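In: here is the input, now give the coordinates:
(2 chains)
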Amino acid sequence: MIHFVLMVNKQGQTRLARYFDIPCSDSRNTTEADIVRKCLMRGEMQCSFFEFGQYKIVYRRYASLFFIMGVDSSENELGILELIHSLVETLDRQFENVCELDIMYHIDKAHFIVDEMLVNGAVIDTNKSSILDAVSAIQK
Amino acid sequence: MSQRLRELIRQVRACKTAADERDVISKESASIRSAFKDDDNPYRHRNVAKLLFMHLLGYPTHFGQMECVKLIASPKFPEKRIGYLGLMLLLDENVDVLMLVTNSLKQDLENANQYIAGLALTSLSNVGSADMMRDLSPEIERMMTCSNGYLRKKAVLCAVRLARKCPELCEGVASKISALLSDRNHGVLVSTLTLLEELLGQDTDYTRQFKQLVPSLTRLLRNMMGSGYSPEHDVSGITDPFVQVKILRCLRLLGADSTRVVDECSDLLALVATNTEATRNAGNAVLYECVQCIVGVPSESGLRVLAINILGRFLLNRDNNMRYVALNTLAKVAPQDPTSVQRHRNTIVDCLKDPDVSIRKRALELIALLANEKNVRTLVKEMLNYLGTADQEFKRSLTEKTCDMVQKFSPHKKWLLDTMLKILIMAGEMVPDHVTASLTNQIASAEELQIYAVHKFYNALVSEQPKEQLLLVRIQTFLGFTALKAKITRHANALQLGSRTSDAKFTSAVPHICLS
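Out: Next comes the predicted model:
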C-alpha cells in the first residue's frame, strides 16, 4: 500500500501532499519535514530508495520537483518508480511540459489526476488517455 | 468580495518573510471564517479551495470541515467536486463530521452522472469509516458488476477498503473476483488483483478457495506477454507492467505453501524470467517481482538458480537502484540457498566500496550471512582493507560484523589472534566489550599460544603506539593476564609498560605479577 505522495521543490516547500489513511496531526507534519530533508540531502549517485521508520521511501527528481512516495516495505520499489514516472508523464500531458507553477496554480487538477491513478493507496489506472478524459470531463 | 485562489497564491508568493505570510494567511482565514457564517454565500467553493491551499502550507483549517459537508450536498457539480476534495484532504475517518456525509454519498452513488458517482466512490475509498462502509456495502457490491468500466474499477477498489474495515462482509465481494479477472478494462484488472491480494492477506479460507484462480491468472499473464504492441498499455516495451507485477505477487501469495500451484506456474515463471526485456526499468520491475515470486514459493532448484543469476546480473548493473534491490533480495535468499549466492561473492564484496551508504549497509549484511569457515579468510581480508578508509558511521557496524565473523568462523586460533589484533589496532575503540572479553578467555584457554600472544601484543604496543586510552588498557590487560598465566620472565616487559601508565586497573594488577 502506498501511504503518501508528496511533490516537493528543491527548497523543501511542499506543492502537493496526499495521504492515504494517515490522519492529520503534528507528527505527520514533522515526519513529512524529516523525509523531505533526507531526500534533499541525498546525492545524485545514491539510489532512489531508503528506509524511514516503518515506510520505504521511493523518490525521484524531475527538474525542480521531487516526487516522493512512502510505501510499505513489501512493495516492489522498481514498480513504484514506474508509477512515479507514469504520474509525471500524465501531468506532463495535461499541462503540456508541466512545471512547478502549473501544479501550484492548478492544485485541484493535479489532485484529480492523482485521484484517477491512486485510490486508498492502490493503483487504479495507469492508462493516460482514460485518466485525462475523466479529468477533462470533470472540469466541465 | 472574496478574492480568487490565484490571488491568494500570488500574495503568499510575494511575501518576503514567514511573518508576512502568517499575516496574509490569518487575514484570509478570518475573512473565510466570517463568509462561512453566511448561508447564502455563492463563493463557498472558492473559499474551501483557498482553505485547501492553506492546509498545504500547514495552517489550521478544521473550521472548514462543515463547509465541505455542505458543499457535497449541493446539486451544483463544481461545488460538489471541491466538497469531495476537501473531504479527502481535510477529514479522516476519525472525525465525527464524516458521518453526516453518508446520506449524500448514498444519493451520489446512485446518480446517473458517472463522474458524480465516481467522486462518491473515490471519497468513500479514501476516507470511509467502518460504519459507513457497512451501510453502503450493498451499493458497492452492486456497482462492482455494473456495465460502466469507469465505475466498476472504482467500486472494486472501494471493496478493498470494505475488506480491510469489515472483513466479515467479504463473501459477496470474493465471489465476484473470478468474473472480474476476465474483464477487458485494465483499470478493473489492476483493482481486482489488488482486491485479491488484500483478501489473500487476510484469511486462509480464501487462500484455498482462490487457488482455483491460478489458471486464469497464468492465462492472463501469458496473454499479456504474448500480445503485440498495445499503445494504451505499453510502458517502455512492456504491456502494462503494473498488471504483470500484481499477477506475479498474487501467484506468490497463492503458491507460498502449495507445490501444486507451483507446478502449474513454473513454466510461466521461467518464461517471464527469460523473455522479459531487461533494458528499461519497467522490464526490470517485472523481473524483480518474478524473482521474488520464485524465491517466495517452493520452486525447484533449476528455477531458483535462474532467479539468483538474474539477481547477479542486477548486481552488475550500473544503476544503484538495481544493485540495492538485488542485495536486499539476496539477503533473503542467502539463508536457504547459500551455495548459489556464493558465486556472486566477489561482486557483493565490491559493493562495500560503493559511494552510496544504503548499498554499503546492505552489502555488509549480506556478507555476514555468507561467511563460513572456508571463505572467512578472504572475506575478512577485504573487510579489513575497507576498514581503514571507512567513514565513522559505517566503521562501527563494519567492525562489529567483522569481529562476529572472526569469532564464529575462524579456522584456527592463531589466525583469530592475528586478525583481532589488526582490528584492535585499526578500530579498537569500536570493538564491543564482549568481544574483548571472549578474546581474553580464548587466549587463556590456549596455553600454546600465550607466549606468541604476549610477543605480538607487546610489539604492537611498541611499534604502533596506539593513542586511544581504552585500547591501551585492553592490550595491557591482555599482556598482564597472559604473562601471569604463562609465568614467563617477560613480566618485565609488562611491568615496564605498567610504569608508563597511570591507569588504576593495570597498576592494581602489577603487584600480583610481581609476587608470582
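
In: using PDB, write out the CA atom coordinates for stretch A:46-53.
Out: The C-alpha atoms that make up stretch A:46-53 are tabulated as PDB, following Å, rounded to 0.1, in the frame of the first residue of the first chain:
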ATOM      1  CA  GLN A  46      22.700   7.500  -4.500                       C
ATOM      2  CA  CYS A  47      19.900   5.100  -5.100                       C
ATOM      3  CA  SER A  48      16.300   6.200  -5.100                       C
ATOM      4  CA  PHE A  49      15.200   4.200  -2.100                       C
ATOM      5  CA  PHE A  50      15.700   4.500   1.600                       C
ATOM      6  CA  GLU A  51      14.000   3.400   4.800                       C
ATOM      7  CA  PHE A  52      12.300   5.800   7.200                       C
ATOM      8  CA  GLY A  53      10.700   4.300  10.200                       C
END
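
In: and the contacts of it?
Out: For stretch A:46-53, the external contacting residues (Cβ atoms under 8 Å, 6 or more residues apart in numbering or on different chains) are A:31, A:34-35, A:38, A:42, A:56-60, A:70, A:73, A:77, A:81, B:320-321, B:323-325, B:355-359. (C-beta placed from N, C-alpha, C; glycine too.)

In: what's the separation between B:S340 and A:S27?
Out: Noted for B:S340: a distance of 44 Å to A:S27, by Cβ to Cβ, to the nearest Å.

In: packing partners for the helix or strand where B:V380 lies?
Out: Using DSSP states H and E, B:V380 falls within helix B:376-387. Under the contact criterion of 3 or more Cβ pairs under 8 Å, 6 or more residues apart in numbering or on different chains; DSSP states H and E, helix B:376-387 touches helix B:345-350, helix B:357-370, helix B:392-409, helix B:413-427.

In: show me which positions of that helix end up buried.
Out: The neighbour-count check on helix B:376-387 (16 or more other Cβ atoms under 10 Å in any protein chain shown) flags B:V376, B:L379, B:V380, B:E382, B:M383, B:L384, B:Y386, B:L387 as buried.

In: just the helices in chain A please.
Out: Assigned by DSSP state H, the helices in chain A fall at A:26-41, A:77-95, A:100-105, A:107-117, A:128-139.

In: any chance of those helices in CSV, plus mean neighbour count?
Out: Below are the helices of chain A laid out as CSV (neighbours: other Cβ atoms under 10 Å in any protein chain shown):
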stretch, mean neighbour count
helix A:26-41, 14
helix A:77-95, 21
helix A:100-105, 17
helix A:107-117, 21
helix A:128-139, 16
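
In: chain B is nearest to which of those?
Out: helix A:77-95 (3.6 Å; Cβ to the nearest Cβ).

In: give me the mean pLDDT for that closest one.
Out: Average pLDDT, helix A:77-95: 94.

In: figure out how far that helix is from the centre of its chain.
Out: Computed by Cα atoms, centre = their mean, to the nearest Å, the chain-centroid distance of helix A:77-95 equals 9 Å.

In: put the alpha carbons of that helix into PDB.
Out: What follows is helix A:77-95, C-alpha atoms only, in PDB (Å, rounded to 0.1, in the frame of the first residue of the first chain):
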ATOM      1  CA  GLU A  77      10.400  -0.500  -5.400                       C
ATOM      2  CA  LEU A  78      11.100  -0.600  -9.100                       C
ATOM      3  CA  GLY A  79       7.300  -0.700  -9.700                       C
ATOM      4  CA  ILE A  80       6.800   2.400  -7.600                       C
ATOM      5  CA  LEU A  81       9.500   4.200  -9.600                       C
ATOM      6  CA  GLU A  82       7.500   3.300 -12.800                       C
ATOM      7  CA  LEU A  83       4.300   4.600 -11.100                       C
ATOM      8  CA  ILE A  84       6.000   7.900 -10.300                       C
ATOM      9  CA  HIS A  85       7.200   8.100 -13.900                       C
ATOM     10  CA  SER A  86       3.700   7.400 -15.200                       C
ATOM     11  CA  LEU A  87       2.200  10.100 -12.900                       C
ATOM     12  CA  VAL A  88       4.800  12.600 -14.200                       C
ATOM     13  CA  GLU A  89       4.000  11.700 -17.800                       C
ATOM     14  CA  THR A  90       0.300  12.100 -17.200                       C
ATOM     15  CA  LEU A  91       0.800  15.500 -15.600                       C
ATOM     16  CA  ASP A  92       3.000  16.500 -18.500                       C
ATOM     17  CA  ARG A  93       0.300  15.600 -21.000                       C
ATOM     18  CA  GLN A  94      -2.300  17.500 -19.100                       C
ATOM     19  CA  PHE A  95      -0.300  20.700 -18.500                       C
END
